[in-house]
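[1] sequence and predicted model, in that order:
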Amino acid sequence: ALRYLEFHHSYAPGASTFCFASVAIAPDFAIPVKPRLTIIGAGVQAEGMRSGGDYLTGSARLRSLRRVALGGGFARLSCRDQTNPMAKNQPPAHTAHNMDQTAMSNPGKTPGLAALALADGSLFRGQGIGAEGMVVGEVCFNTALTGYQEILTDPSYAGQIITFTFPHIGNVGANDADIESVDPAARGLILRADITDPSNYRSLEHLDGWLKQHGLVGISGVDTRRLTRHLRTHGAQAGALCHGAVEVSELAAKAAAWPGLEGMDLAKDVTCGQSYDWEEGVWDFSGTGGYAAPPAARHHVVAVDYGAKRNILRSLAAHGCRVTVVPASANGAEILAHKPDGVFLSNGPGDPVATGEYAIPAIRTLLEAGLPIFGICLGHQMLALALGAKTKKMLFGHRGANHPVKELKTGKVEITSQNHGFEVLAESLPEGVNATHVSLFDGTLEGLEVTDKPVFSVQHHPEASPGPQDSQYLFERFVALMDSYA
């Protein structure tokens, strides 16, 4: 669809001009599609209109137009043109007083009340989805176009309420295969439009039912573009989300009282309770479907679970690793007792400094042992802390599946999947530790390596899920290190 669309028409009593996608069509055309927008009036010039259900921008005249819900789930724009002598024959204008009223809803549904209050006093009203209740957490945004179920079940989202910038959430339904943990760690979700009805052969249930089943509270009908711009400008912040009747003042108070992720150790909430072996490979696309059995193991890897995504464990297994997963609280001696050929430090939620209180001593023991070590996301941050570097909270973080990262040695640019709100400060890397990757969005550090040890880590997610597979070579690099140090 075009970002900007401009059209003109001359007035004729009783006539309308229909606009769908990037064309203007007259009502006598036989088009088997309902129009998204109806402009009624004379000499109307529309500019800055985005098709596809987003809010209106552009001229002051156009911004005065607002959509209101109709029975069919679409919306109608009306404009009385006082400059035309026939204007008195035009139907009365409908005006929405609030951007939140511009969202489309599926027909035939009776939406529940929902509201989101931010710590700075911003309020967003909408329609409830998923489970009823109230949740408080850090409001962030994710720009990925696919993989909403993987995102919601990524343990790194513990303590967070996710804003999806892509509007078509629910179009592939939900199933038991596209999950990164058994129980979703996210506290809630925010959508632009109502949940899309599923249309995919792998769908087993409607996303709304899946949300209810897992107790996830959500809101739709929110102007997510406005919210995202607000978070980009002012930073990710605490928010209180309620599906059901609630006093707005109560929501705002709960958001303002939430302490934020800095200083929070959330890995202890999402880690495994005891050690276990992982025996599942990556998805089989050959036609049989399902997750494949991994190849024969060449190396034994101990994965420290700070909130590990399943697809990381699958990727390790698919590269010939026998994987033993241990809790985040495992100390260095307990990890070494498994006699690993290499150690993996997983992703996870929360502040790396807080989790590092017990994780950093264990990592330093592993560094002294000289084993190959590979870290991702939170594991990357805590490895950096163990080496003497520093971390800090980012303004709004990196969350999406389209983040360009440059490998410094080769100049190669990878499109990566990311999910983190803290960063390692490149200027704090000690001598003997080199930067290997940088973000092409903001120049932040995306990878490091130790010059005299088989140790490296990255901030982004080479396993993707969801996202591109450009960085899968990092698993091969880890295996190659274990080959060399076997």
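    Okay, I see it. Numbering: from 1, shown residues only.

[2] what's the longest helix seen in the chain in contact with?
    Of all segments of type helix in the chain, defined using DSSP state H, the longest is helix 352-369. The contact list for helix 352-369 (Cβ atoms under 8 Å, 6 or more residues apart in numbering) reads 263-268, 304, 306, 328-333, 335-336, 343, 345, 348, 373, 378, 381-383, 385-387, 391, 422, 450, 453, 455. Heads up, the C-betas are built off the backbone N, CA and C, glycines and all.

[3] now swap in stretch 393-404 and tell me
    By Cβ under 8 Å, 6+ apart, stretch 393-404 touches 140-147, 162, 231-232, 235-236, 261-262, 351, 413-423, 439-441, 444, 459-460, 464, 466-468.

[4] these in strands, which ones?
    140-142, 162, 413-423, 439 (DSSP state E).

[5] okay, the longest helix of the chain in PDB with CA atoms only?
    Output in PDB follows, covering the C-alpha atoms of helix 352-369 (Å, rounded to 0.1, in the frame of the first residue of the first chain):
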ATOM      1  CA  PRO A 352      22.500  -8.600  34.000                       C
ATOM      2  CA  VAL A 353      24.100  -7.000  37.000                       C
ATOM      3  CA  ALA A 354      21.400  -8.400  39.300                       C
ATOM      4  CA  THR A 355      21.600 -12.000  37.800                       C
ATOM      5  CA  GLY A 356      25.400 -11.600  37.800                       C
ATOM      6  CA  GLU A 357      25.600 -11.600  41.600                       C
ATOM      7  CA  TYR A 358      25.600 -15.400  41.400                       C
ATOM      8  CA  ALA A 359      26.300 -16.000  37.700                       C
ATOM      9  CA  ILE A 360      29.500 -14.000  37.400                       C
ATOM     10  CA  PRO A 361      31.500 -16.100  39.900                       C
ATOM     11  CA  ALA A 362      30.500 -19.300  38.000                       C
ATOM     12  CA  ILE A 363      31.500 -17.700  34.600                       C
ATOM     13  CA  ARG A 364      34.900 -16.700  36.000                       C
ATOM     14  CA  THR A 365      35.500 -20.300  37.200                       C
ATOM     15  CA  LEU A 366      34.700 -21.500  33.600                       C
ATOM     16  CA  LEU A 367      37.000 -18.900  32.100                       C
ATOM     17  CA  GLU A 368      39.900 -20.100  34.300                       C
ATOM     18  CA  ALA A 369      39.200 -23.700  33.200                       C
END
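
[6] list the buried residues for it?
    352-356, 359-360, 362-363, 365-367 (16 or more other Cβ atoms under 10 Å).

[7] what does stretch 397-414 give?
    Burial within stretch 397-414, assessed by neighbour count using 16+ other Cβ under 10 Å, is assigned to 397-401, 403, 405-407, 414.

[8] please apply the same query to stretch 328-336.
    328-330, 332, 335-336.

[9] ok, residue 260 to residue 202 distance?
    37 Å (Cβ to Cβ, to the nearest Å).

[10] compare those two (neighbour count), which wins?
    For residue 260 versus residue 202, neighbours defined as other Cβ atoms under 10 Å are more numerous around residue 260 (15 against 12).

[11] contacts only, for the residue nearest to that one when sequence neighbours are not counted.
    Closest residue to residue 260 apart from its sequence neighbours, by Cβ to Cβ, 6 or more residues apart in numbering: residue 238 at 6.0 Å. Neighbouring residues of residue 238 by Cβ under 8 Å, 6+ apart: 118-119, 136-139, 255-256, 258-260.

[12] what is the nearest of those residues to residue 481?
    The closest of the contacts of residue 238 to residue 481 turns out to be residue 138 (Cβ to Cβ; 35.2 Å).

[13] coming back round to it: ok, residues contacting the helix or strand just after the longest helix of the chain?
    Counting by DSSP states H and E, the next helix or strand C-terminal to helix 352-369 is strand 373-376. Outside strand 373-376, the residues within contact range by Cβ under 8 Å, 6+ apart are 312, 342-347, 363, 366-367, 382-383, 453-463, 474, 477-478, 481.

[14] what residues sit buried inside stretch 282-292?
    Neighbour-count burial for stretch 282-292, counted by 16+ other Cβ under 10 Å, picks out 282-283, 291-292.

[15] from what I can see residue 189 touches residue 164, true?
    Yes: the pair residue 189 / residue 164 is scored as a contact, 6.6 Å apart, by Cβ atoms under 8 Å.

[16] so for the two, which sits in the more crowded spot?
    residue 189 (29 against 23).

[17] and residue 136, helix, strand or coil?
    strand (DSSP: H, G, I helix; E, B strand; the rest coil).

[18] quick check, pLDDT for it.
    As predicted, residue 136 sits at a pLDDT of 98.

[19] and it, what does it touch?
    For residue 136, the contact set (Cβ under 8 Å, 6+ apart) comprises 187, 238-241, 254-255, 258.

[20] now intersect those residues with the strands, please.
    Going by DSSP E, the strands hold 238-241 from the contacts of residue 136.

[21] what about burial for these, which qualify?
    238-241.

[22] ok, the residues you listed vs residue 209, which is closest?
    residue 241 (19.3 Å).

[23] hmm, that closest one is touching residue 216, no?
    No: in this structure residue 241 lies outside contact range of residue 216 using Cβ under 8 Å: 10.4 Å.

[24] what residues are shared contacts of these two?
    By Cβ under 8 Å, 6+ apart, residue 241 and residue 216 have these common neighbours: 187-188.

[25] what residues sit buried inside stretch 228-246?
    Within stretch 228-246, the residues scored as buried using 16+ other Cβ under 10 Å are 228, 230-231, 235-243, 246.

[26] need the mean per-residue confidence for that stretch.
    Mean predicted lDDT for stretch 228-246 stands at 95.

[27] so what's the spatially most central residue of the chain bridging to?
    Nearest residue to the geometric centre of the chain (Cα atoms, centre = their mean): residue 142, 3.1 Å. Counting by DSSP bridges, residue 142 is bridged to residue 164.

[28] just the helices in this protein please.
    Taking DSSP H, the helices of the chain run over residues 60-63, 148-152, 207-213, 224-234, 248-257, 267-270, 310-318, 332-336, 352-369, 378-387, 473-485.

[29] out of those helices, which is closest to residue 123?
    Relative to residue 123, the nearest member of the helices of the chain by Cβ to Cβ is helix 248-257, separated by 6.3 Å.

[30] how far away from the center of its chain is the closest one?
    Relative to the chain's own centre, helix 248-257 is displaced by 24 Å; criterion: Cα atoms, centre = their mean, to the nearest Å.

[31] so what secondary structure elements neighbour it?
    Applying 3 or more Cβ pairs under 8 Å, 6 or more residues apart in numbering; DSSP states H and E, we find helix 248-257 packed against strand 112-118, strand 123-130, strand 133-142, strand 237-243.

[32] could I get the buried residue list for the longest one?
    Spelled out, it's strand 133-142. For strand 133-142, the neighbour count (16+ other Cβ under 10 Å) marks 134-142 as buried.

[33] out of those residues, flag the one nearest to residue 158.
    residue 137 (8.7 Å).

[34] would you quantify the distance from the residue lying closest to residue 441 once chain neighbours are set aside to residue 129?
    Excluding the flanking residues, the one nearest residue 441 by Cβ to Cβ, 6+ apart is residue 403, at 6.1 Å. Counting by Cβ to Cβ, the gap from residue 403 to residue 129 is 28 Å.

[35] pretty sure residue 268 contacts residue 328?
    Yes: with contact defined as Cβ under 8 Å, residue 268 and residue 328 form a contacting pair (6.4 Å).

[36] contact partners for the residue nearest to residue 335 when sequence neighbours are not counted?
    Closest residue to residue 335 apart from its sequence neighbours, by Cβ to Cβ, 6+ apart: residue 302 at 5.3 Å. Residue 302 sits next to 323-326, 335, 338, 340, 342-344 when contact means Cβ under 8 Å, 6+ apart.
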